[in-house]
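Peer 1: Take a look and give me a structure for this.
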Amino acid sequence: MKLTYDRNEFYRAHLAKDPRFDGKFFVAVKTTMIYCRPICPARKAHLKNIEFFTHARAVADQTLVLDGTADFETTCRALLAIKGIGPWTVEYIAMRGLRDPNGFPESDLESQKKIVRLQLDPKKWAPWRAYAAILLWNIQLEHLITTSKSKVIIS
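Peer 2: This next block holds a predicted model:
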């Protein structure tokens, strides 16, 4: 999807909380990984720390469907074709938006660390890997204690 406005115009609209731009783009803050609408009341980030996305318009126009009715393969290919959207985002949208119970963010670094540390095999979780991903995200490794019998316990 092509931007109709340049970065500077988007940034001015973002700083001014201009309601005319609401729904036309989202602001992604790289340092916090937070997405906001242009009218968001949160403190504004510097231009160098943000990206602008116009994908909200594609969803609103229904040229990009991100719910359980969408064709899975077509939607994933369309998402990967969008600049700034990579495998992790597509895997997460498949899991949450497309409601794929077997969707699993294999490229998620935090999950990879926990899988290695806990010696887990994600293939065994099919067809419910999305639920396992959510559980992995909620495990705090610093709260894990390994007993002498090599059992892992969450304290």
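Peer 1: On the three-state scheme, the spatially most central residue of the chain is what?
Peer 2: In the chain, the C-alpha nearest the mean C-alpha coordinate belongs to residue 89, at 4.3 Å (Cα atoms, centre = their mean). Using DSSP: H, G, I helix; E, B strand; the rest coil, the structure places residue 89 in helix.
Peer 1: Can you show me the strands along the protein?
Peer 2: 26-29, 34-36, 50-53, 144-146, 152-154 (DSSP state E).
Peer 1: How far off centre is the second one?
Peer 2: Spelled out, it's strand 34-36. Strand 34-36 sits 11 Å away from the centroid of its parent chain (Cα atoms, centre = their mean, to the nearest Å).
Peer 1: Flag every buried residue along it.
Peer 2: Using 16 or more other Cβ atoms under 10 Å as the burial criterion, the residues of strand 34-36 that qualify are residue 36. All C-beta spots, glycine's among them, are computed from the backbone N, C-alpha and C.
Peer 1: neighbouring strands for that strand, and are they parallel or not?
Peer 2: If you go by DSSP bridges, strand 34-36 pairs up with strand 26-29 (antiparallel).
Peer 1: per-residue confidence averaged over the partner strand?
Peer 2: The average pLDDT within strand 26-29 is 82.
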